[in-house]
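Q: Sharing a sequence plus its predicted fold:
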Amino acid sequence: MKEYLLTVTEDNENERIDRFVRDELADLSRSYIQKLIEGESITVSGKPVRSSYRAKPGDEIRVITPDQLIPDILPEDIPLDILYEDDDVLVVNKEKGMVVHPAPGHYDHTLVNALMYHCKGSLSGINGVMRPGIVHRIDKDTSGSLIVCKNDLAHESIAKQLEQHSIKREYLAIVCGTLKDDSGTIDRPLGRSRSDRKKMAVTEGAKRAVTHYEVIKQLEGFTLIRCILETGRTHQIRVHMASIGHPVAGDTVYGNGMKTPVDTKGQALHAHILGFIHPRTGEEIETVAPPPSYFEMFINKCQKV
């Protein structure tokens, strides 16, 4: 049996409980969550509710799932590009194409397998055996900085900073088209797409999401931009940029099919700068992950004459 305790914030006010739990526990399908609700394995402040229950700020939602057979997740000697490391945390420059943590059907060759080998068992256990040390994620085809926690003290501190939106997260992206403004802010709520649960979409009544962007360089047919996240929703930059008509180049999910001058192997998006308060010392830590080589190749091929 596994138990989760979730707390509703103002961002989730009036959201259906089955959708709220689905967004918080992405490994559980909505139909499975509805079965748990019917079986009273999901309660609000200790009381059973229906799937149509609307969440209220401060609600404590307890989710109990039955025991499932969990495969052994094994350490693997996979090279890591480490930007910072001490006894509490490390920051890794995740390569494009690497999955962050194991999931059904994909139990090896992930960042977690590599971390287990590198850290020799010294990883936070808060997120369970499938996600040791993992406190936040970036997409498989997004490269760049990711914080990993080596113990529960670090995990709780970084998780709180993420919740308070105090961690500095700056991305580089190459987007399609020419932006008319040198900078801007996209403040549009994001939630699961109602037509495709694997995708996110701008959805009224969903969680607030805010992305600030600045133009770095105008290219032929594309624009190199800097994105600063005020919030950190799933696929936030990709959905937000697509919503204003400038999807990330190479994005096969939210893109417009525009051909790129080099093979980006997915979205041209890179987590460039990461800043946080060290969980033990209180020191301000900032790391910079150099962009992958295809960024320079892309820019050189699209230079304006």
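A: Ah, there it is.

Q: Not counting stretch 88-98 itself, show me its contacts.
A: 80-85, 100, 109-111, 115, 119, 138, 140-151, 153-154, 158, 265-266, 271, 274, 278-280, 285, 287, 289-290, 292 (CB atoms under 8 Å, 6 or more residues apart in numbering). The C-beta positions use only the backbone N, C-alpha and C, and glycine is treated the same way.

Q: Please flag which of those residues sit within strands.
A: 82-85, 143-149, 271, 274, 285, 287 (DSSP state E).

Q: Give the rounded mean pLDDT of stretch 115-123.
A: Here stretch 115-123 scores 94 as its mean pLDDT.

Q: what does stretch 267-279 give?
A: 98.

Q: Relative to residue 98, how far out is residue 80?
A: 10 Å (CB to CB, to the nearest Å).

Q: residue boundaries of the helices in the protein?
A: 17-24, 30-38, 111-119, 152-163, 236-243, 293-301 (DSSP state H).

Q: Quick check: which of these is buried the most?
A: Here the criterion is mean neighbour count by mean count of other CB atoms under 10 Å, and of these the winner is helix 236-243, at a mean of 24.

Q: which outside residues touch it?
A: 139, 171, 173, 175, 186, 188, 190, 200-202, 209, 211, 213, 227, 229, 247-248, 251, 253-256, 267, 269.

Q: Could you give me the PyMOL syntax to select whichever of these are buried?
A: Applying 16 or more other CB atoms under 10 Å to the contacts of helix 236-243, the buried members can be selected in PyMOL as follows:
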select buried, resi 139+171+173+175+186+188+190+200+201+202+209+211+213+227+229+247+248+251+253+254+255+267+269
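
Q: In strands, which of the contacts of helix 236-243 fall?
A: Filtering those for strands - DSSP E - leaves 171, 173, 175, 186, 190, 200-202, 211, 213, 227, 229, 269.

Q: would you turn the residues you listed into TSV with distance to residue 75?
A: Below are the ones in strands among the contacts of helix 236-243 laid out as TSV (distance: CB to CB, whole Å):
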residue	distance to residue 75
171	30
173	33
175	38
186	40
190	35
200	32
201	38
202	40
211	36
213	39
227	34
229	31
269	29
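
Q: Kindly indicate which of the residues you listed lies nearest residue 57.
A: The shortest approach to residue 57 among these belongs to residue 190, at 18.9 Å (CB to CB).

Q: these two touch, right, that closest one and residue 206?
A: Yes: if you go by CB atoms under 8 Å, residue 190 and residue 206 touch, sitting 5.6 Å apart.

Q: Touching both of those two, which residues are there?
A: By CB under 8 Å, 6+ apart, no residue touches both residue 190 and residue 206.

Q: So what are the structural domains in this structure, by residue number?
A: By the assignment in automatic domain parsing, the chain contains the domains 2-65, 82-164, 169-271+293-301.

Q: Which one of those domains lies nearest to residue 72?
A: Of all the domains of the chain, domain 82-164 comes closest under CB to CB, at 8.2 Å.

Q: follow-up on the earlier one: output the helices of the chain as a markdown table; include the columns distance to residue 48.
A: Output for the helices of the chain, formatted as a markdown table (distance: least, CB to CB, whole Å):
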| stretch | distance to residue 48 |
| --- | --- |
| helix 17-24 | 11 |
| helix 30-38 | 8 |
| helix 111-119 | 35 |
| helix 152-163 | 27 |
| helix 236-243 | 33 |
| helix 293-301 | 51 |
